[in-house]
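Trainee: Predicted coordinates and the sequence they were generated for:
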Amino acid sequence: ARRFDVPRPPLVRFLLVKLAERQHRLVLSMHHTLLDGWSLPVLLREFYALYISRGDASGLPEARPYRPYLDWL
């Protein structure tokens, strides 16, 4: 119910809701300017991969450097 105030962080919120002893839901809220339709699925895919691997990032793809994209532009 709380709105995001762009000049004041955080612009991403995580809320863990306990439904039962061993049942939880993670609610992720973010301001729409942070992620677009392309980057949100990437974020969620990597987030789930980290969750399944218990935080082991070795299975994630290597981050691509931004410089080649700037050169292309």
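Mentor: Looks like it arrived, so ask away.

Trainee: I'd like the mean pLDDT over stretch 11-25, please.
Mentor: Here stretch 11-25 scores 95 as its mean pLDDT.

Trainee: So what touches it?
Mentor: 4, 26-31, 33-34 (Cβ atoms under 8 Å, 6 or more residues apart in numbering). All C-beta atoms are positioned from the backbone trio N, CA, C, and that covers glycine.

Trainee: got any ranges where the protein has weak pLDDT?
Mentor: Within the chain, no stretch has pLDDT under 70.

Trainee: Now the buried members of the contacts of stretch 11-25.
Mentor: Buried residues within the contacts of stretch 11-25, counting neighbours by 16 or more other Cβ atoms under 10 Å: residue 4.

Trainee: of all the contacts of stretch 11-25, which two lie farthest apart?
Mentor: Farthest-apart pair in the contacts of stretch 11-25 is 26 and 33; separation 21.8 Å (Cβ to Cβ).

Trainee: Please identify which helix or strand holds the residue nearest the centre of the chain.
Mentor: Note on the chain: the residue nearest the mean C-alpha position is residue 43, at 4.4 Å, using Cα atoms, centre = their mean. For residue 43, the element it lies in under DSSP states H and E is helix 39-52.

Trainee: Run through the neighbouring helices and strands of that helix.
Mentor: In terms of contacts (3 or more Cβ pairs under 8 Å, 6 or more residues apart in numbering; DSSP states H and E), helix 39-52 is not packed against any helix or strand.

Trainee: hmm, back to that, tell me which of the contacts of stretch 11-25 fall in strands.
Mentor: 26-30 (DSSP state E).

Trainee: separation between residue 26 and residue 9?
Mentor: To residue 9, residue 26 is 20 Å away according to Cβ to Cβ, to the nearest Å.

Trainee: Please apply the same query to residue 44.
Mentor: 21 Å.

Trainee: Much appreciated, bye for now.
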